[in-house]
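Colleague: Quick one, fold the following:
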Amino acid sequence: MTSSAKPIGNAPSPIAALALKLVGGITILAALVDFLVLLFPPDLLNRTWQITTATQLVDRGIVPLVGIALLFTGFWIDSFVSGKRSGGNIMLDARFWTCLLACILGFIFVVLTPVHINNVRLQSKDALTQVSTEATEAATQLEQRLTAEVDQQRNQITSLLNNPEQFEQLVANGNVTAEQAAQIRRFEGNPSSLDEFLAGQASELRTRLETEIGSRREEATRRVRTEATKASIRIPLSSILLAIGYLVIGFSGMKRLFVI
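Modeller: Numbering: from 1, shown residues only. Purely as a prediction, here's the structure:
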């Protein structure tokens, strides 16, 4: 006596189809809510806001794609178990709206790519201009600092030369080294040598400070360009990959739905 029951050991479970569709739908909706939160309040004229928002959208862009994959897997299992194919009003089919969403997201990521590259380029240009401005300001302040340093040294030395007793007391107390004392005494015998000494001191200080300013400028410039290069590669490349994934799923799904 043979049994009429069909073997179901290897058949997909309807519960698996329901779970996949439910998890996929929730994942998509949660991601869309997250996207909307990122976009509000909009500040479209703020380049920093555009770059930050685009970066966060791309970083989260894989989530709806996973949800769409889960959702379609659930529909596939459901059709396999029931043996029914799609039919009826296409506007009431959740797969149609899912494909439409995939196409919209795909176009969004396509647009984000050149916009983000241009924003990063402009931001990098502004940052480099700022670095150059700060270096120029530092150079201007350098001249002021050198003038103040030279005037201070001149006043100190002149004060010691005009007060021999105070000078000898400082030497006796060890506040002025023997080398410094000998140099100051040479200034007393040859006042013009003081100008030469101060000019040499200013030249040494100028060289040291200019080297420091140049090093800081080069470091800042290198940092700005490195960050711009990374931002111009990672986000656009990820955005293009996401766009390809969404558009392939969206158009393939639309084609299949309308053919059926």
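
Colleague: where does the nearest residue to residue 251 once chain neighbours are set aside land in three-state SS?
Modeller: In space, and not counting its chain neighbours, residue 251 is closest to residue 103: 6.7 Å by Cβ to Cβ, 6 or more residues apart in numbering. Yep, even glycine has a C-beta here, placed from its N, CA and C like the rest. Secondary structure, DSSP: H, G, I helix; E, B strand; the rest coil: residue 103 is helix.

Colleague: Residue 103 and residue 242: what is the separation?
Modeller: Applying Cβ to Cβ, to the nearest Å, the value for residue 103 to residue 242 is 13 Å.

Colleague: And the two? Which one has more around it.
Modeller: Between residue 103 and residue 242, residue 242 has the larger neighbour count (other Cβ atoms under 10 Å), namely 23 against 17.

Colleague: Residue 62 is in contact with the more buried one, correct?
Modeller: Yes. With contacts counted by Cβ atoms under 8 Å, residue 242 reaches residue 62, the gap being 6.9 Å.

Colleague: Residue 258: helix or strand, and which one exactly?
Modeller: For residue 258, the element it lies in under DSSP states H and E is helix 192-259.

Colleague: Please compute how far that helix lies from its chain's middle.
Modeller: 9 Å (Cα atoms, centre = their mean, to the nearest Å).

Colleague: I'd like to know which elements that helix is packed against.
Modeller: Under the contact definition 3 or more Cβ pairs under 8 Å, 6 or more residues apart in numbering; DSSP states H and E, helix 192-259 sits against helix 47-60, helix 62-82, helix 94-162, helix 178-189.

Colleague: who wins for proximity to residue 229 among these?
Modeller: In terms of Cβ to Cβ, the element of these nearest to residue 229 is helix 94-162, at 8.8 Å.

Colleague: what is the orientation angle of that closest one with helix 178-189?
Modeller: Between helix 94-162 and helix 178-189, the angle comes out at 60 degrees (axes from the mean of the first three to the mean of the last three Cα atoms, to 10 degrees).
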